[in-house]
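Participant: Pasting the sequence and the predicted coordinates here, then a few questions.
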Amino acid sequence: MKPTRFLPALALAVAACADSIAPLPDEGRPEALEFSMGGYFGASTKVVLVGDTVVYTISYPWAPAMPAVIDTVRAVPSAESWQAFWNAMDRSGVNRWRGPYVAERIADGLGWELTLRTGGRTIHSSGTNAYPDHRGREHEGESTEEWKGAVDAILTLVGMRYGS
């Protein structure tokens, strides 16, 4: 048996582990940002980066008496806004988030999904009534401060705040 036969596989495993917690950038916009959240019979929120513009849309897809889209906000975040965004994402531990986070025993509530691509790396995480902390651990039923901080940072890009 040749010891070198296992080195490429080991190198790939180490690289994959290192990438999952690699530091986030300090500035600039990501290559892609898409975030959505919503609940059954509640409002659905979506935030998407389109070029240099962040687009926020809120709708009520489950309410036939309501218009499909209630509000849309567009903003071009400043360099300082992107720095604040990355600082908040770093504090939230988003580079350790995985998915899906699912609270198996809760039927109604909030579903969410985040895709963030930067430096050729994609972070994709989602959840249903369960939320990650800064270490990527799952918390069922109640949103974590880290998750709320990340959502707030995303919404702040378009002048909104989480919970308002």
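Facilitator: That came in fine, so what should we check first?
Participant: Quickly list what the residue sitting nearest the centre point of the chain is bridged to.
Facilitator: Closest to where the C-alpha atoms of the chain average out (Cα atoms, centre = their mean) is residue 114, at 3.2 Å. Under the criterion DSSP bridges, residue 114 forms beta bridges with residue 35, residue 125.
Participant: Give me the three-state assignment for residue 27.
Facilitator: Secondary structure of residue 27, reduced to three states by DSSP: H, G, I helix; E, B strand; the rest coil: coil.
Participant: Which pLDDT value goes with it?
Facilitator: Looking at residue 27, its pLDDT reads 83.
Participant: Surely residue 47 touches residue 54?
Facilitator: Yes - at 6.3 Å, residue 47 counts as touching residue 54 under the criterion of Cβ atoms under 8 Å. Any C-beta I mention is one placed from the backbone N, CA and C, and that applies to glycine too.
Participant: So which of those two has more stuff around it?
Facilitator: When residue 47 is set against residue 54 and neighbours are counted by other Cβ atoms under 10 Å, the residue ahead is residue 54, at 26 against 22.
Participant: Sounds good, over and out.
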